[in-house]
Structures are given as structure tokens and as C-alpha cells.
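Asks: whatever this is, show me its structure:
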Amino acid sequence: MLDLIILTLHFFVCLLLSVAIWHGPKDEDLRSSSTGTVETEPDGLILIGKEDDIKRSGRVTARVNGRGVVVFYHEGKFHAMDSRCYRKIFALFSSSLQDINGQACIVCPWHKFKITLETGEGLYEGINPLEPSPTPQWQSKGVKQRIHKVTIDNGNVYVSPPDLSVSFDSDYFADKYKNGGDLAMEK
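Replies: Okay, here's the model as predicted:
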């Protein structure tokens, strides 16, 4: 009987956690959406926001050509990547940052995947079973997350539109929820 009670409690807690994650905090956009316009410069760069505002908040989401992008300010550098994890639809806005082997990484809140901010490379900890005493080491899965070029000019932060001639795993969810799809970032 005690096992049934514990199992029921476990199910209930898992259900509550799932609902909390699904309906959890939405991506916040630092820029005012009252006008609904995106400022595009003549050279194609898209204004994300003021440098000081993003430094203060540490991260901000925006739309770049209809695609959700998250811009991070971490250890004195700006980084931008697709806002949806390459594996699922989960937003990376609320993810934690972690240093792995000297590389700044974002940790997906759902799968705990590690993605480097600099290159979008997926990392995993693995062992070589052929070694006499295998010890876990960080290894690359390859580039999984699309990275966007960030430009700072006159106190403003800009992101370049993505080069879609090269495909990345994160493109699937970025395209699927582009411009207000069912699970888009919009509130």
C-alpha cells in the first residue's frame, strides 16, 4: 500500500513539474514590442537593443528574420544563437550558463545538453573503453546550434541575419516556430 502512495505522489509531482515547465516563464524581449517593428540597418544588421541594457540583463530574445534568437552577454562578450534547443522546442532563454574546459556553454533546461556559446557545438562527456583506465572527457557532437554574428556599434547591439546556405540541427525548430507558430516565443 505504501508503494502505491509513493508511486501516486511521484506521478503527481512529475505532472506538476511538466505543467510548470510547459507554462513556465516565457521568453522576454528587452525591446518594446508596442510598435511591432524591427529596425534593420542598410547593411542588413538587425537592431537587438542597447548594449548597456543587455549587459545589465545578461540575455535578451529577439526576432531576426522571423526566427527566435537569444543574445547573451557573458564574461565580457556578446553571443547570439537560435533560441530553441536543437533537440526539442525548449527555449534556451532561461538556461543556465556553465564553463566546460574553458568554454562558455549554455545548458538546455530540459535535456541538460551542453552547447558552446562561441561555436554552437554540442558537448558530451564520454569515455574511450579501449583505454586501460577510461576517464570521462568532454567530446564534441559537432556544431548543432546556429550561431549568429553580433556587432556592437555606437552603444547598440546588432545581429546579422542567418546564412541559410548551411544547415544546423537547430534550424528545424527555429523554422517550425518561426513567425508565430504554435509554440512561438510570442506571448
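
Asks: where do the strands of this structure begin and end?
Replies: Assigned by DSSP state E, the chain shows strands spanning 46-50, 59-64, 67-74, 77-82, 96-100, 103-107, 114-116, 121-126, 137-143, 147-148, 150-153, 156-159.

Asks: what helices or strands is the last one leaning on?
Replies: The contact analysis (3 or more C-beta pairs under 8 Å, 6 or more residues apart in numbering; DSSP states H and E) places strand 156-159 against strand 46-50, helix 51-57, strand 67-74, strand 150-153. Yep, even glycine has a C-beta here, placed from its N, CA and C like the rest.

Asks: got the contact list for P162?
Replies: V64, N65, R67, R146, H148 (C-beta atoms under 8 Å, 6 or more residues apart in numbering).

Asks: switch to 10 Å and redo it
Replies: Going by C-beta atoms under 10 Å, 6 or more residues apart in numbering, P162 touches 64-65, 67, 69, 80, 82, 146-149, 168, 171, 174.

Asks: follow-up on the earlier one: would you list the helices and strands packed on strand 156-159 in JSON lines and tack on mean pLDDT, distance to T119 and mean neighbour count?
Replies: Output for the helices and strands packed on strand 156-159, formatted as JSON lines (pLDDT from 0 to 100; distance: least, C-beta to C-beta, whole Å; neighbours: other C-beta atoms under 10 Å):
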{"stretch": "strand 46-50", "mean pLDDT": "93", "distance to T119": "20", "mean neighbour count": "20"}
{"stretch": "helix 51-57", "mean pLDDT": "94", "distance to T119": "21", "mean neighbour count": "14"}
{"stretch": "strand 67-74", "mean pLDDT": "89", "distance to T119": "14", "mean neighbour count": "23"}
{"stretch": "strand 150-153", "mean pLDDT": "94", "distance to T119": "14", "mean neighbour count": "15"}
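
Asks: hang on, the earlier thing: tell me, which of the strands of the chain is the model least confident about?
Replies: For those, mean pLDDT drops lowest on strand 96-100, to a mean of 84.

Asks: then that one to PDB, C-alphas only?
Replies: The C-alpha trace of strand 96-100 is given here as PDB (Å, rounded to 0.1, in the frame of the first residue of the first chain):
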ATOM      1  CA  SER A  96      22.000  28.200 -17.100                       C
ATOM      2  CA  LEU A  97      25.500  29.000 -18.200                       C
ATOM      3  CA  GLN A  98      28.400  26.800 -17.300                       C
ATOM      4  CA  ASP A  99      32.100  26.700 -18.000                       C
ATOM      5  CA  ILE A 100      33.300  23.400 -19.600                       C
END
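
Asks: gap between that strand and the chain center?
Replies: Chain-centre distance of strand 96-100: 12 Å, with C-alpha atoms, centre = their mean, to the nearest Å.

Asks: which pLDDT does the model give A184?
Replies: 40.

Asks: I'd like to know how far Q103 sits from I54.
Replies: 21 Å (C-beta to C-beta, to the nearest Å).
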